[in-house]
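J.: Kindly generate the corresponding structure for this input.
(chains A, B, C and D)
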There are 2 protein chains.
Amino acid sequence: MSKMSPDKAPIHKATTHKERTHARILDEAAAAMRLDGPDGISVAALMKRAGLTHGGFYAHFPSRDALVTEAIDRMFQDSRRILDDRLTQREAADGVVGLIDWYLSEAIRSAPDQGCPLPSLSGGAARMPEAARGRFNQGVAYFQRALATAFDALGLPEPETTARSVLAELVGAMALARAASDEAAGNEILRSSRQLLKTRLGLA
Amino acid sequence: MSKMSPDKAPIHKATTHKERTHARILDEAAAAMRLDGPDGISVAALMKRAGLTHGGFYAHFPSRDALVTEAIDRMFQDSRRILDDRLTQREAADGVVGLIDWYLSEAIRSAPDQGCPLPSLSGGAARMPEAARGRFNQGVAYFQRALATAFDALGLPEPETTARSVLAELVGAMALARAASDEAAGNEILRSSRQLLKTRLGLA
DNA sequence: TTGAAAATATGATGATCATCATATAAATGA
DNA sequence: TCATTTATATGATGATCATCATATTTTCAA
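T.: Model prediction:
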């Protein structure tokens, strides 16, 4: 990019001012879109949240659709780190139990801007711009593989099939729990799935 | 409403022209919103689909939010009929198996305007106008009770807890299957949940 | 310190939207 | 048939939106 250092790849991750600003816009976008969906924030409102004005947006992203795509990616990067921490840095059974309890916790229920983006975004993924939908499905696939690996370590039969089924229940339970107007009803949904997921994985 | 017949409730369901038009708008709205979400169709586009022009809308609904609320209701009425047919008009085990196979069928996957509205709408329910969110949760509660009744008839322990868990998996699996860009991957999700739901309910 | 380049701000454009005021057309009771 | 109500259409209003053109500020090397 710079004329002065044409071939010099940034070895020490030289984050320029622009890169930092780009990342800040993206963080705000990811947070906002977890709460209000991909169409939930306007370019102007987003830039204001990032401490900027609307005009500069197109110096950072070629279009709003491109922002959505990058923001989806960003969300899954965060989730992936949590997922890896839970599933790899422990004994398999503890990791899976911890993941279930974290994923379906009341804290995450009340904080859609943390936790996994799948429950809020799955229902609308088919309406996303195609590139964003692709990133979304990469995130789903990663989650699925990570679960399957853990289930394989647990000696469960058909780990891939089980992983798909378990992921579906995790996503559906949190989506329904967040939809509930009555907090107690939502918590019952979470409790039920926490309990029965562990039961059927032989972890209860 | 009418000055001429003040106390006469319409015993023979005398559907006036206006009532029929109202119902037509609502049907179009429900179909459109299943495909594209509650914000997916404009008032003008909706009225055109119903064969009318945009101006007449406010003779039928006080606001767009009111339309969304009624449309949510309409969707669940349709689903409820299917649900009741499946779960009550058969032997319990057959009914549950049939419901699972229907709910998670590839046909329904490809036709979001049929089938249950929960997979498409759950993720965004928290962002709905409050009245619509209430109707949505009534629909969820009805579904849950119907499943619990069937599970009780099957002699399963904790039918309420199981109903919540099963509903979560049904909703999550269809949401993820519809999100998939790759049709084969989506079908694998459906197959996995069909199989494991029956297994864990002792119906395999 | 200065001047070019990069980053951000200001302001405008055309599109879409929900909503409403008012005009026309259709239905209905006399 | 006529008059009145009811239903629908036309057209406008103000708001919001993505996007772009251009101006201003900031950064940083010389």
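J.: Could you give the residue of chain A that lies closest to DNA strand C?
T.: In chain A, the residue found nearest to DNA strand C is A:Gly55; the distance is 1.9 Å by Cβ to the nearest atom of the strand. (Glycine included, C-beta is placed from N, CA and C.)
J.: tell me the SS of that residue?
T.: helix (DSSP: H, G, I helix; E, B strand; the rest coil).
J.: how close does it sit to A:Gly40?
T.: As judged by Cβ to Cβ, to the nearest Å, A:Gly55 and A:Gly40 stand 21 Å apart.
J.: ok, now A:Leu104?
T.: 24 Å.
J.: between these two, who's got more neighbours?
T.: Neighbours were counted for A:Leu104 and for A:Gly40 using other Cβ atoms under 10 Å in any protein chain shown; A:Leu104 has more, 26 against 16.
J.: From A:Gly115, how far off is A:Ala107?
T.: A:Ala107 is 8 Å from A:Gly115, by Cβ to Cβ.
J.: neighbour-wise, which of the two wins?
T.: A:Gly115 (24 against 9).
J.: I figured that one hits A:Tyr103, correct?
T.: Yes: in this structure, A:Gly115 is within contact of A:Tyr103 by Cβ atoms under 8 Å, at 7.1 Å.
J.: the bottom helix or strand of chain A by mean pLDDT?
T.: Across the helices and strands of chain A, mean confidence by mean pLDDT, DSSP states H and E is lowest for helix A:17-36: a mean of 92.
J.: Looking only at that one, what residues are buried by neighbour count?
T.: A:Thr21, A:His22, A:Ile25, A:Leu26, A:Glu28, A:Ala29, A:Ala30, A:Ala31, A:Ala32, A:Met33, A:Arg34, A:Asp36 (16 or more other Cβ atoms under 10 Å in any protein chain shown).
J.: For the residue of chain A closest to DNA strand C, give me its contacts.
T.: Contacts for A:Gly55 (Cβ atoms under 8 Å, 6 or more residues apart in numbering or on different chains) come out as none.
J.: do the helix or strand that contains A:Thr69 and DNA strand D meet?
T.: Following DSSP states H and E, one finds A:Thr69 within helix A:64-88. Yes: applying Cβ under 7 Å from any atom of the strand, one finds helix A:64-88 in contact with DNA strand D at A:Arg64, A:Asp65.
J.: is it true that A:Ala29 touches A:Met47?
T.: No: A:Ala29 lies out of contact with A:Met47 (Cβ under 8 Å); the separation is 9.9 Å.
J.: Spell out which residues of chain A are next to DNA strand C.
T.: A:2-3, A:16-18, A:21, A:47, A:51-56, A:59-60.
J.: among these, which ones are buried?
T.: If you count burial by 16+ other Cβ under 10 Å, the buried members of these come out as A:Thr21, A:Met47, A:Leu52, A:His60.
J.: So what's the residue count around A:Glu130?
T.: What A:Glu130 shows, counting by other Cβ under 10 Å, is a neighbour count of 9.
J.: what about it, distance to B:Gly55?
T.: For A:Glu130 relative to B:Gly55 (Cβ to Cβ), the value is 36 Å.
J.: Over to A:Ala23?
T.: Taking Cβ to Cβ, one finds A:Ala23 at 47 Å from B:Gly55.
J.: Now tell me what touches stretch A:64-80 from outside.
T.: By Cβ under 8 Å, 6+ apart, stretch A:64-80 touches A:25-27, A:29-30, A:33-34, A:38, A:43, A:46, A:57, A:61, A:115-117, A:121, A:128-129, A:131-132, A:135-136, A:138-139, A:142-143.
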